[in-house]
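Peer 1: I'd like to go over a predicted model; first the sequence, then the structure.
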Amino acid sequence: MLLPRIKGPRDLDRLSQEELDQLAAEIRSFLVDAVSKTGGHLGPNLGVVELTIALHRVFESPKDKILFDTGHQAYVHKLLTGRQDFGGLRTKGGLSGYPSRAESEHDVIENSHASTVLGWADGFAKANEVLGREDHHVAAVIGDGALTGGMAWEALNNIAAAKDRPLVIVVNDNERSYGPTIGGLANHLATLRTTDGYERFLARGKDLLERTPVVGKPLYETLHGAKKGLKDFIAPQGMFEDLGLKYIGPIDGHDIEALESAFQRAKRFSGPVIVHCLTQKGRGYTPALEHEADRFHAVGVIHPDTGLPVKTAAASWTSVFADEMVKLGHDREDIVGITAAMLHPVGLNKFAEAFPDRIFDVGIAEQHGATSAAGLASGGVHPVFAVYATFLNRAFDQVLMDVALHKCGVTFVLDRAGVTGDDGASHNGMWDMSILQVVPGLRLAAPRDAEQLRAQLREAVEVKDAPTVVRYSKGVVGPAVPAVGRIGGMDVLRAPGAEVTRPDVLLVSVGALAPMCLEIADLLDKQGISTTVVDPRWVKPVDEAMAPLADRHRVVVTVEDNGRTGGVGSAVAQALRDAGVDVPLRDFGIPQRFLDHALRKEIMAEIGLTAPDIARQVTGLVARLDGRYDSEQAATVD
């Protein structure tokens, strides 16, 4: 076994070509075995095994910066930099599913949002230039999917302008992001991919040239690095060179020798170079290759031999949305769907199958997607843009200035809202209800169960003069939480008995936290504290009935799966102040810090978003109002 002997990148230097091929096979076996037990990003990593080996043989990390866009393809990089304990991958205390500075000096970028790597690379290359570090190199790996993002092209515009600033851009072209890559760039890369005359021309003569004494290999290197004239005659890669970027490729991304040759030439060049590598997502693992939707982009726990899930998945929030969208599509011909390269993950695949002419994949371009949605709405249809909550952050200006300012009826559906857990800091959807509070006219719904998701989605698409947002959690949708009454537009989930003239606590439950809030009320009841639990349903704007209702209680408590700063609790507090209601308010939510990867329930316990923790603090608050605070009494709430 070679893999256990690799403690760092320089251990690769002494391996022969045959041993490198053996190492690649061992890494693929390791990944299938390890990731099938924990879940994680399997397909992308199976596709970059040889690519990552070649990068670490040619470049000297950490002096040279090897940067990965998105980072979900960095498992091989972890293995080659001394991290081979994958038993706790994506769990508390174990390896992160993305690069992590806390883990290794070889990890540079922790942000796992796509299309950012070229901006980082441009900055590192400029720093090398300013500080005169001529022996430092920068290699940025970006997928063809990530190249659909506008940030990538903004960076390329700057990179191409510096003709003598070295920077190596490695295009990992597997024809996919989650699913197949779409758009004009994808078509151009497909042309390069299929017009392989240049590399075929070289391949025919490679064996002959390398058998020719003295001049054979240098001549092959010269031909492989030929200038634009020869290459344009055989392969149309002119777009990149017209930008001022030297182009090398296409290269077989699973041929370590060819990759090393290309990277060495790129490394020696005194300006920006694109190395176009053709790889196969899921390579070496038949179940992944046969999974057309996303080639096992991300998997849960699976049987390694079959690729089938170990457990049958229960109904998820995403699946409820997916089914309701199809029903909406049948009911209304003006409903269209938008996705940012995530058709299957956000559940729009069923809508796309039913209405192929009414679905638009904009690529990894959330900003463009939001503005395009404004145009669609202004053109007479109602777009539903489904996106992960954390990714909507990228399109805030477009939501504000293009959609809201123009009073466009666009519905944004935010999947993976709140604490998501195992994907780490960048994937927690903990900012949406804060940043969207400042958008005039926007209406935001947080459904508590599947029935409410279906109902509030339908309510959202009825709005024609403002943006609407429906946000829900990651994972399995919980049981139905019935209402026992309605006050204004708010559902009452629990009410004290008629004999209680002024209840102690008004508990405002946001979204999927309703079952936990009912548990809090049960714990308070055991302490003799009467509680009304309401679900606002639409948390922005604050319901007009909220202030009068709060005025009939002694304490207001808000509980939300969102950052505390500027969230629902803050909005309710402001509404009470504006109405002149002087009632103590305590808001519970996510602290404004980046949360390490762990299970959702572990993170919720760590940040105090559990029923016992909240009930204990509310008990203490009520006791202080009574002038009888007893820390031991508060501690009995469990």
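Peer 2: Cool, got the structure. Residues are numbered from 1 along each chain as shown.
Peer 1: can you tell me how far the spatially most central residue of the chain is from Arg600?
Peer 2: Nearest to the geometric centre of the chain sits His427, at 5.2 Å (Cα atoms, centre = their mean). With distances taken as Cβ to Cβ, to the nearest Å, His427 is found 11 Å from Arg600. For the C-beta atoms, the positions are set from N, CA and C on the backbone; glycine is no exception.
Peer 1: ditto for Val58
Peer 2: 40 Å.
Peer 1: who's more crowded, these two?
Peer 2: Legend: neighbour count by other Cβ atoms under 10 Å for Val58 and Arg600, higher for Val58 (22 against 18).
Peer 1: residues contacting that one?
Peer 2: Val58 is in contact with Glu260, Phe263, Gln264, Lys267, counting by Cβ atoms under 8 Å, 6 or more residues apart in numbering.
Peer 1: what's the closest non-adjacent residue to it?
Peer 2: Nearest non-adjacent residue to Val58, counting by Cβ to Cβ, 6 or more residues apart in numbering: Phe263, 4.0 Å away.
Peer 1: was I right about the one you found contacting Ala139?
Peer 2: Yes - taking Cβ atoms under 8 Å as the definition, Phe263 is a contact partner of Ala139 at 7.4 Å.
Peer 1: identify the contacts common to the two.
Peer 2: Leu55, Phe59, Val168, Val170.
Peer 1: in the stretch 401-550 of the chain, which spans are helices?
Peer 2: 432-435, 450-461, 514-526, 546-551 (DSSP state H, counting those that start in this stretch).
Peer 1: quick one, which of those helices is nearest to Gly627?
Peer 2: helix 514-526 (18.5 Å; Cβ to Cβ).
Peer 1: quick one, the closest one and helix 450-461 angle?
Peer 2: 120 degrees (axes from the mean of the first three to the mean of the last three Cα atoms, to 10 degrees).
Peer 1: now what about helix 514-526, what contacts it?
Peer 2: Contacts of helix 514-526 (Cβ under 8 Å, 6+ apart): 448-449, 478-479, 481, 493-494, 504-505, 507, 509, 530-531, 533, 535, 559, 609-612, 614-615, 618-619, 637-638.
Peer 1: of the residues you listed, grab the buried ones for PyMOL.
Peer 2: A single PyMOL command is used to select the members of these judged buried by 16 or more other Cβ atoms under 10 Å:
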select buried, resi 448+449+478+481+493+494+504+505+507+509+530+531+533+535+559+609+610+611+614+615+618+619+637
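Peer 1: show me the contacts of helix 514-526 that map onto strands.
Peer 2: Leu493, Arg494, Val505, Leu507, Ser509, Thr531, Val533, Asp535, Val559 (DSSP state E).
Peer 1: where does the stretch 251-400 of the chain have low pLDDT?
Peer 2: Scanning the stretch 251-400 of the chain for pLDDT under 70 picks out nothing.
Peer 1: which residues of it fall in strands?
Peer 2: In the stretch 251-400 of the chain, the strands defined using DSSP state E, counting those that start in this stretch lie at 272-278, 335-339, 359-361, 382-388.
Peer 1: and the second one, what does it pack against?
Peer 2: The reference is to strand 335-339. helix 317-331, strand 359-361, helix 366-378, strand 382-388 (3 or more Cβ pairs under 8 Å, 6 or more residues apart in numbering; DSSP states H and E).
Peer 1: in its sheet, what does it sit against?
Peer 2: With DSSP bridges as the test, strand 335-339 is paired with strand 359-361 (parallel), strand 382-388 (parallel).
Peer 1: which residues does Asp578 contact?
Peer 2: Going by Cβ under 8 Å, 6+ apart, the list of residues near Asp578 reads Ala547.
Peer 1: give me the contact list for stretch 90-106.
Peer 2: 9, 38-41, 61-62, 66, 68, 70-72, 74, 77-78, 81-83, 85-89, 107-110, 112, 422-424, 426, 596-599, 602.
Peer 1: show me what counts as buried in it.
Peer 2: Under the neighbour-count criterion of 16+ other Cβ under 10 Å, stretch 90-106 has Arg90, Thr91, Gly94, Leu95, Ser96, Gly97, Tyr98, Pro99, Ser100, Glu103, Ser104, His106 buried.
Peer 1: Leu343: which of the strands paired with strand 335-339 is closest?
Peer 2: So among the strands paired with strand 335-339, strand 359-361 is nearest, using Cβ to Cβ, at 6.0 Å.
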